[in-house]
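Undergrad: Sequence isn't available, so here's the structure alone:
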């Protein structure tokens with residue numbers, strides 16, 4: 001699912017730290033913790049070919065502001081089982097699984113196209129490629145086997161094409177702009193432009209088994225059927241936050257003043273993120289509400305909003321399954337015009353995307369690495 005309407009904090013970790021006990025009574029402790037003194041974080045920015053350390057995001061070299069589909073930026077991130085990674089548009093896969101970031105590149109796959117929709121199947125993380133025809137006129141769309149869905153083989157550190165555009169027998173000028181796994185099937189949108197008229201077609205196909213296996217060409221050929229636009233829209237529809245996993249709801253249970261938000265949530269065992277809506281019925285999607293990302297594991301949950309406000313189960317922060325309660329803190333404050341994005345957690349390390357955002361465009365971008373154990377050791381609960 002494409003959640004880029006999220007577009008698109010320190011100098012200190014300065015905030016009120018809330019500790020919520022498991023009893024009905026709420027307990028608050030207030031502390032101000034300077035990350036710069038703790039040395040609990042490291043900044044990185046993306047160059048045209050790699051990533052490099054930087055003291056502050058605003059000190060990264062200026063770069064041309066481009067539409068987000070054409071920019072070097074983290075488009076998605078997450079973790080499942082033994083793999084923790086982020087998808088970097090135009091660059092490759094940023095793998096955090098070893099405890100440090102490693103960029104896996106493949107120019108034949110990532111150059112000139114948009115990489116999006118990171119999914120976690122039973123076997124591999126997979127993502128899809130497309131060309132935004134409005135902004136991108138360079139990509140060669142007439143290759144014999146133009147890749148569509150790519151698997152990241154994290155054991156061998158390579159990217160492997162799984163499906164091509166040819167598997168769907170669509171014209172070279174058409175683009176599959178969105179892919180969504182739903183209830184054992186895969187749904188997709190085909191966009192084509194004919195005589196200045198834009199047309200959309202919606203298809204469904206199945207994997208060999210409804211257990212999260214990666215899709216294969218034979219399955220497309222045998223099960224491909226056309227569906228309505230409404231069927232696809234309903235599959236994308238956000239769920240009420242009341243339907244969210246209990247571990248996620250517990251993060252916000254003790255807030256005295258509830259607030260509206262949207263959360264794109266990755267849940268262990270699910271292929272794709274689920275969008276949860278905690279807004280009033282009259283609030284438009286993408287309106288003036290807090291927007292963020294979440295990960296729910298068997299041992300706890302974590303949610304991070306675009307301003308860096310972070311909610312985390314103490315079981316994850318302390319790496320102790322017997323811990324109870326929730327901690328709330330703010331990531332290093334970003335300068336105006338910068339926001340936080342998707343994230344991944346690997347052991348005691350937290351990796352969060354940041355970018356310079358201007359409506360639908362992105363300038364400088366990178367990620368921050370947070371050592372949660374150093375934050376945990378600095379706070380007396």
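TA: That came through fine. The structure displayed is predicted, hence computed values, not measured ones.
Undergrad: Residue 166 should be in a strand, yeah?
TA: No. Assessed with DSSP: H, G, I helix; E, B strand; the rest coil, residue 166 is helix; it does not lie in a strand.
Undergrad: tell me, how many neighbours does it end up with?
TA: By the measure other C-beta atoms under 10 Å, the count of residues near residue 166 is 15. Backbone N, C-alpha and C define where each C-beta goes, glycine included.
Undergrad: Same check on residue 296?
TA: Applying other C-beta under 10 Å, I find that residue 296 has 23 neighbouring residues.
Undergrad: Please enumerate the helices of the protein.
TA: 35-38, 107-110, 217-223, 229-236, 246-250, 314-317, 372-378 (DSSP state H).
Undergrad: Contacts for the longest one next, please.
TA: Put plainly, it is helix 229-236. Helix 229-236 has contacts (C-beta atoms under 8 Å, 6 or more residues apart in numbering) with 1, 180, 182, 187, 189, 200, 202, 204, 275.
Undergrad: go on, the fifth one?
TA: Residues from elsewhere that reach helix 246-250, judged by C-beta under 8 Å, 6+ apart: 241-242, 263, 265, 276, 294, 296-297, 300-301, 303, 313, 326.
Undergrad: what comes up buried for that helix?
TA: Neighbour-count burial for helix 246-250, counted by 16 or more other C-beta atoms under 10 Å, picks out 247-248, 250.
Undergrad: Export those as CSV, with columns for pLDDT and distance to residue 47.
TA: Shown next, in CSV, are the buried residues of helix 246-250 (pLDDT from 0 to 100; distance: C-beta to C-beta, whole Å):
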residue, pLDDT, distance to residue 47
247, 96, 38
248, 97, 36
250, 95, 40
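Undergrad: Now do the contacts for the nearest residue to residue 311 once chain neighbours are set aside.
TA: Excluding its sequence neighbours, the residue lying closest to residue 311 (C-beta to C-beta, 6 or more residues apart in numbering) is residue 251, at 4.1 Å. By C-beta under 8 Å, 6+ apart, the contact list for residue 251 reads 301-303, 311-313, 326.
Undergrad: And residue 371, how far from residue 377?
TA: 10 Å (C-beta to C-beta, to the nearest Å).
Undergrad: The two: which is more packed in?
TA: residue 371 (17 against 12).
Undergrad: Surely the more buried one and residue 40 touch.
TA: Yes. With contact defined as C-beta atoms under 8 Å, residue 371 counts as touching residue 40 (4.9 Å).
Undergrad: Tell me which residues are up against stretch 53-60.
TA: So stretch 53-60 is in contact with 11, 42-45, 334-335, 338, 354, 356, 364, 366, going by C-beta under 8 Å, 6+ apart.
Undergrad: Can you give the distance from it to the centre of its chain?
TA: 22 Å (C-alpha atoms, centre = their mean, to the nearest Å).
Undergrad: Straight-line length of stretch 74-92, end to end?
TA: Counting by C-alpha to C-alpha, to the nearest Å, you get 10 Å between the two ends of stretch 74-92.
Undergrad: now stretch 313-331
TA: Terminal-residue distance, stretch 313-331 (C-alpha to C-alpha): 16 Å.
Undergrad: One more: stretch 92-104?
TA: End-to-end distance for stretch 92-104, by C-alpha to C-alpha: 6 Å.
Undergrad: Report the mean per-residue pLDDT for that stretch.
TA: The average pLDDT for stretch 92-104 rounds to 96.
Undergrad: Stretch 175-186 too?
TA: Per-residue scores along stretch 175-186 average to 89.
Undergrad: Mind listing what's buried along that stretch?
TA: Buried residues in stretch 175-186 (16+ other C-beta under 10 Å): 175-182, 185-186.
Undergrad: what do you get for stretch 57-71?
TA: Going by neighbour count (16+ other C-beta under 10 Å), the buried part of stretch 57-71 is 57, 60, 63, 66, 68-71.
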